[in-house]
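Student: any chance you could fold what I've pasted below:
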Amino acid sequence: MFGAELLVLALFFADSVGTQFRLFPASVLGVILFLAGAELAIGSRDPGAEKAERFVVLATAAVGILNVGVAVTFGFLAYPTSERDG
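Tutor: Reported below is the predicted structural model:
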């Protein structure tokens, strides 16, 4: 609902988006963004994924909080090589 509200505000009332963001603390927006990303990650994984693959996804997300470039490199290197080749 919050995303739909921001979309409508951005399309029709561009000046109001900044005010809307100031109404919510940055920590609340961060949690919303994290949960949305987690839902996308869970929905895109294979239901029969192994624990190692789940660990790589979670560890990459944790590293991504600090630095996205390092997270991409970490995720690529940590992903099991047998999956990459096949």
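
Student: run through the residues that contact the most centrally placed residue in the chain.
Tutor: The centre of the chain sits closest to residue 37, judged by C-alpha atoms, centre = their mean, with a distance of 3.0 Å. Residue 37 makes contacts with residue 61, as judged by C-beta atoms under 8 Å, 6 or more residues apart in numbering. Where C-beta positions appear, they are placed from N, C-alpha and C, glycine not excepted.

Student: longest helix of this structure, counting residues only.
Tutor: helix 26-44 (DSSP state H).

Student: now residue 13. Its backbone dihedrals?
Tutor: Note on residue 13: backbone dihedrals following degrees, to the nearest 10 are phi -140, psi 70.

Student: cool, and residue 24?
Tutor: phi -100, psi 130.

Student: likewise for residue 14?
Tutor: Torsion angles, degrees, to the nearest 10, at residue 14: phi -60, psi -30.

Student: what's the neighbour count on it?
Tutor: Using other C-beta atoms under 10 Å, residue 14 has 9 other residues around it.

Student: how far away is the nearest residue to residue 21 once chain neighbours are set aside from residue 42?
Tutor: Ranked by C-beta to C-beta, 6 or more residues apart in numbering and with sequence neighbours excluded, the top spatial neighbour of residue 21 is residue 29, at 7.1 Å. From residue 29 over to residue 42 the distance is 21 Å, taken as C-beta to C-beta, to the nearest Å.

Student: with residue 16 instead?
Tutor: Residue 16 is 32 Å from residue 42, by C-beta to C-beta.

Student: for residue 56, same thing?
Tutor: Residue 56 is 14 Å from residue 42, by C-beta to C-beta.

Student: between the two, which is the more surrounded one?
Tutor: Just comparing residue 56 and residue 42: by other C-beta under 10 Å the higher neighbour count belongs to residue 56, 20 against 10.
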